[in-house]
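**Student:** following is a predicted model, sequence given first.
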Amino acid sequence: MSDTGLDAFLRRQIQATGAMPVGEFMQRCVAAYYAGRDPFGRAGDFTTAPEISQMFGEVIGLWAAIVWQMMGSPAEFILAELGPGRGTLMADALRAGATLPGFREAVRLHLVETSPVLRERQRATLSEFGAVWHDEAGQLPAGPMILIANEFFDALPIEQYVLRADGWHERHVTCRDQFAFTDGPQVTERRMAELGAPEAKLGEVFEVNPQARKLIQGLAKRFAAQPGALLILDYGHDRTALGDTLQAVRLHQPVPALQTPGEADLTAHVDFAALSRAAEPAKVSPIVGQGSFLRRLGIELRAERLAAARPDKADDLVSGCHRLINPAGMGTLFKVLAVFSPDLPDLPGFAP
């Protein structure tokens, strides 16, 4: 479905059946957006951490290798990524992880990706690793697994609820001349309590990501039965809170969230506290800032060594590191959470 076709389809759908839940609108927009484009880099709409610096993927690769050792260094294990972009993070991770004897030989690489365009980019970047692709995480095979999710959960569709004088209403999208938010059906207080809504004032918005919670619950059950760990890096908040975080970016600039369906990157902030609560019976790490996590794993020392070895690239290496870890960059807005098997010790990068 083309971008123009999506706009027309959504208009027809809303005209025929009435206003559409925010979650359904977002899901259709995200699917159309990723289906036919490579959105990364300066020529695209946004830049992710792996594209900023090779050090990001290298540090995660070393983290994965250490976790593999903590699992007992199985002779074969699944190394997987949710939404692997261009394959940049995984290529850097595998190069760095190969410095630990046996790690590279043990890797069985699996990628969860629905975009045909991005699958081709990943196939070119990771051609030497024999990757296997899946449409969803539930298709990943059994066995010991380390799973990476960098800026994946923010693109999963959210539900929104708004408090009015007569109670909570699910937020919908309608369309007259333009797409706009409107109040949908009323939702009971009991249901809102089940969703974990905090106390709110009139007009405030509460967001829920049911797909994210379901994914975490499924992985937690898996990790309780067999060795595994999930590493989540994304932007969001470490406490469940109120607020409308639905946002769109196009050509590296914010645009109205409903203005161009399927033509802009549509995301929402990740509720890390909700993910942590959904992770029983697995273990969960503390929720930490990306800057703290990468510092504890030695990214600053890695930057110094790379800059010394490549003085012609020193400025870019140092500025890339700063962007990843400093509060003014991605250091505090981006959070990190691990979900892992109960019999594993605490994972690296999270201790104070």
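**Tutor:** Noted; the coordinates are in hand.

**Student:** for the residue nearest the centre of the chain, give its distance to L251.
**Tutor:** Per C-alpha atoms, centre = their mean, the C-alpha nearest to the average position across the chain is that of F152, at 2.1 Å. According to C-beta to C-beta, to the nearest Å, F152 and L251 sit 22 Å apart. For glycine as for every other residue, the C-beta is placed from the backbone atoms N, C-alpha and C.

**Student:** repeat for P21
**Tutor:** Relative to L251, and taking C-beta to C-beta, P21 is found at 28 Å.

**Student:** over to A268?
**Tutor:** 20 Å.

**Student:** the two: which is more packed in?
**Tutor:** Legend: neighbour count by other C-beta atoms under 10 Å for A268 and L251, higher for A268 (24 against 11).

**Student:** contacting residues around that one?
**Tutor:** 26, 154, 158, 207, 209, 245-247 (C-beta atoms under 8 Å, 6 or more residues apart in numbering).

**Student:** redo those residues as TSV? Include neighbour count, secondary structure and pLDDT.
**Tutor:** Formatted as TSV, the contacts of A268 follow (neighbours: other C-beta atoms under 10 Å; DSSP: H, G, I helix; E, B strand; the rest coil; pLDDT from 0 to 100):
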residue	neighbour count	secondary structure	pLDDT
M26	25	helix	98
D154	20	helix	98
I158	24	coil	98
E207	25	strand	98
N209	24	coil	98
T245	19	coil	98
L246	21	coil	98
Q247	16	strand	97
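
**Student:** farthest pair within these?
**Tutor:** N209 and Q247 (14.4 Å; C-beta to C-beta).

**Student:** buried residues in stretch 22-40, which are they?
**Tutor:** Buried residues in stretch 22-40, counting neighbours by 16 or more other C-beta atoms under 10 Å, are found at 22-23, 25-35, 37-40.

**Student:** and the helices in the stretch 101-250 of the chain?
**Tutor:** Along the stretch 101-250 of the chain, the stretches classed as helices by DSSP state H, counting those that start in this stretch are 103-106, 116-125, 189-195, 210-225.

**Student:** and of the ones you listed, who's closest to T88?
**Tutor:** The nearest among the helices of the stretch 101-250 of the chain, by C-beta to C-beta, is helix 116-125 at 6.6 Å.

**Student:** tell me who's in contact with E199.
**Tutor:** E199 touches nothing, counting by C-beta under 8 Å, 6+ apart.

**Student:** let's see it at 10 Å
**Tutor:** By C-beta atoms under 10 Å, 6 or more residues apart in numbering, E199 lies in contact with 163, 242.

**Student:** distance check, it against D183.
**Tutor:** From E199 to D183 the distance is 20 Å (C-beta to C-beta).

**Student:** go on, E76?
**Tutor:** Taking C-beta to C-beta, one finds E76 at 52 Å from D183.

**Student:** what is the helix or strand bottoming out on mean pLDDT in the chain packed up against?
**Tutor:** Within the chain, no helix or strand scores below helix 3-17, which has a mean of 88 by mean pLDDT, DSSP states H and E. If you count contacts as 3 or more C-beta pairs under 10 Å, 6 or more residues apart in numbering; DSSP states H and E, helix 3-17 packs onto strand 20-21, helix 22-35, strand 167-175, strand 179-187.

**Student:** any idea which of these gets closest to V67?
**Tutor:** helix 22-35 (28.5 Å).
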